[in-house]
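[1] Predicted structure and sequence below. I'll ask about it afterward.
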Amino acid sequence: MRSVCLNLAAQISTGSTSIFAPAGTPAHSIFGLSMLVLGVVCSIFVVVAGLFLYAVVRYRHREGSANAGEEPAQIFGSNQIELAWTVIPILIVVLLFLATTRIILMTQSIPKPATALDVNVVGHQFWWEYSYPKLGVVTANELHIPVSDPKHPTPTYMTMTSADTDHSFWVPRLAGKMDLIPNQINTMWLDPQTAGLYLGQCAQYCGVEHAKMLIRVYADSPADFAVWVAHQRQPAVNSDDPQAAEGRAIFQRNSCISCHSVAGTVATGRFGPDLTHVASRETIGSGAIPNNAVNLRAFVDNPEHFKPGVLMPAMHLNDHDLDAITAYLATLK
């Protein structure tokens with residue numbers, strides 16, 4: 001348990017959510033725009049603070065001065081000053097507007113190349129559904145995409161919508177945020193150029209468990225991604241372990257199959273995450289906790305303990321059935 005938690009903590013530390021460590025083309029563009037805005041506002045601050053300090057020092061009260069107690073000369077109108085504080089802010093706003101528009105067009109209006117990977121993303125309360133229509137893969141919460149070589153780009157284009165309320169997909173190191181809205185299709189693209197784990201968060205309040213609707217994007221090398229796809233295409237394997245076999249029977253005769261799918265079985269529910277390869281994921285509960293036997297058993301027993309307000313009900317199984325179902329789920333790798 002301790003080693004799993006330490007491993008998860010190490011991944012989180014390497015998967016920073018800082019916009020100041022961009023790892024994809026859209027994120028680099030946003031970072032550049034952020035630095036421009038920061039430079040402009042810092043320059044304004046320096047000018048205003050400098051003028052303020054000059055006025056404080058230049059016109060401060062001086063004991064014994066011939067003009068002590070007298071107000072400085074009052075200016076009741078200056079066309080030059082009024083023109084300056086009108087034109088300069090307008091120019092600054094126009095500059096920032098044009099720079100922002102340029103980045104929006106660069107990141108949202110680029111034609112999709114033929115080499116792009118297609119992923120359909122559906123936001124649910126409170127988890128993410130990912131399907132790869134051309135690859136025949138459906139998974140949940142942990143998005144795997146290939147690294148994109150700048151010389152031979154292979155970006156990932158995501159078609160996004162919501163199954164219930166508004167969500168927002170945001171992985172700061174890879175791109176800006178994109179809203180997922182019911183009955184509307186939005187698109188965004190990612191092109192991580194370094195393999196690794198990139199963390200994100202639903203950036204639109206979507207209910208009581210919004211804060212635990214986490215995003216994990218794994219950028220794999222092309223070879224590793226091909227291995228992952230081949231594995232995900234496989235149906236669930238029936239284990240010879242008697243306890244796992246009993247757990248499969250319990251799983252299939254309870255309401256689990258009404259919400260969850262397990263490829264190759266009678267479980268075809270679509271309301272909850274696909275569990276075909278749930279044991280191969282590093283977390284459960286949309287990134288809320290590490291995926292291990294202890295946490296998995298406790299989550300099936302009482303999801304509210306980990307995610308108050310989660311839509312999955314407590315199953316109220318006895319200890320024997322809980323152990324059997326946990327053993328079964330642990331075989332879904």
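    Yep, it's here.
[2] Tell me how many other residues crowd the closest residue to K333 other than its chain neighbours.
    Leaving out its chain neighbours, the residue that sits closest to K333 by CB to CB, 6 or more residues apart in numbering is A279, at 4.4 Å. The C-beta positions use only the backbone N, C-alpha and C, and glycine is treated the same way. Counted with other CB atoms under 10 Å, residues neighbouring A279 total 18.
[3] Now do A279 against L296, distance only.
    Distance, A279 to L296, using CB to CB, to the nearest Å: 8 Å.
[4] what pairs with the residue sitting nearest the centre point of the chain across the strands?
    Residue closest to the mean C-alpha point of the chain, counted by CA atoms, centre = their mean, is G200 at 2.7 Å. For G200, the beta-bridge partners are I215 (DSSP bridges).
[5] hmm, back to that, joint contacts of A279 and L296?
    Shared contacts of A279 and L296, defined by CB atoms under 8 Å, 6 or more residues apart in numbering, are found at 329-330.
[6] Identify the residue spatially nearest to I19, adjacent ones excluded.
    P172 is the one closest to I19 (CB to CB, 6+ apart), at 4.7 Å.
[7] these two touch, right, D149 and T194?
    No. If you go by CB atoms under 8 Å, D149 and T194 don't touch, sitting 10.9 Å apart.
[8] before we move on, the earlier item: can I assume the residue nearest to I19 sits in a helix?
    No. Applying DSSP: H, G, I helix; E, B strand; the rest coil, one finds P172 to be coil, outside a helix.
[9] In the stretch 151-300 of the chain, where is pLDDT below threshold?
    By pLDDT under 70, the stretch 151-300 of the chain has no low-scoring segment.
[10] hey, where'd the strands end up in it?
    Taking DSSP state E, counting those that start in this stretch as the test, the strands found in the stretch 151-300 of the chain are 156-162, 167-170, 178-180, 186-190, 196-202, 214-220, 283-284, 289-290.
[11] Which pLDDT value belongs to P303?
    Per-residue pLDDT puts P303 at 87.
[12] same thing with N67?
    60.
[13] which one is A21 nearest to, not counting chain neighbours?
    Closest to A21 by CB to CB, 6+ apart is R173, at 5.7 Å.
[14] again but with V37, I slipped
    Nearest non-adjacent residue to V37, counting by CB to CB, 6+ apart: L96, 6.3 Å away.
[15] mind checking how far the one you found is from L36?
    Applying CB to CB, the value for L96 to L36 is 8 Å.
[16] for L214, same thing?
    Taking CB to CB, one finds L214 at 30 Å from L36.
[17] And C202, by the same measure?
    28 Å.
[18] For the residue lying closest to P313 once chain neighbours are set aside, which residues are in contact?
    Closest residue to P313 apart from its sequence neighbours, by CB to CB, 6+ apart: P303 at 7.6 Å. By CB under 8 Å, 6+ apart, the contact list for P303 reads 285, 310, 312-314.
[19] Write a ChimeraX command that selects only the buried members of those residues.
    Under the burial definition 16 or more other CB atoms under 10 Å, those of the contacts of P303 that qualify are selected in ChimeraX by:
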select :285,310,312
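[20] Just name the closest of the contacts of P303 to Y54, please.
    Distance to Y54 across those (CB to CB) is lowest for G285, with 57.2 Å.
[21] if I read this right, the closest one contacts P308, doesn't it?
    No. G285 is not in contact with P308 according to CB under 8 Å; the separation is 11.5 Å.
[22] which neighbours do those two share?
    Contact criterion CB under 8 Å, 6+ apart; no residue bridges G285 and P308 by contacting each.
[23] Kindly list the longest helix within this structure.
    Determined from DSSP state H, the single longest helix within the chain is helix 25-58.
[24] now for that one, which elements pack on it?
    helix 79-108, strand 186-190 (3 or more CB pairs under 8 Å, 6 or more residues apart in numbering; DSSP states H and E).
[25] Pairing partners for the last one, with directions?
    Translated: strand 186-190. strand 156-162 (antiparallel).
[26] Could I get the CA-only coordinates of the strand it pairs with as CSV?
    This file holds the C-alpha atoms of strand 156-162, laid out as CSV (Å, rounded to 0.1, in the frame of the first residue of the first chain):
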residue,chain,number,x,y,z
THR,A,156,-4.5,13.6,-31.1
TYR,A,157,-7.8,15.2,-32.1
MET,A,158,-10.6,14.9,-29.6
THR,A,159,-14.3,15.2,-30.3
MET,A,160,-15.9,16.3,-27.0
THR,A,161,-19.4,16.4,-25.5
SER,A,162,-21.2,15.8,-22.2
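[27] How about that strand, which residues are buried there?
    By neighbour count on 16+ other CB under 10 Å, the buried set for strand 156-162 is 156-158, 160-162.
[28] Nearest to H231, out of those: which one, please.
    Among the buried residues of strand 156-162, T156 lies closest to H231 (CB to CB), at 18.5 Å.
[29] My read is that the closest one contacts N120, right?
    No. T156 is beyond contact range of N120, at 11.4 Å (criterion: CB under 8 Å).
[30] ok, back up a step: return the most buried member of the helices and strands packed on helix 25-58.
    strand 186-190 (a mean of 20; mean count of other CB atoms under 10 Å).
[31] Thank you, goodbye.
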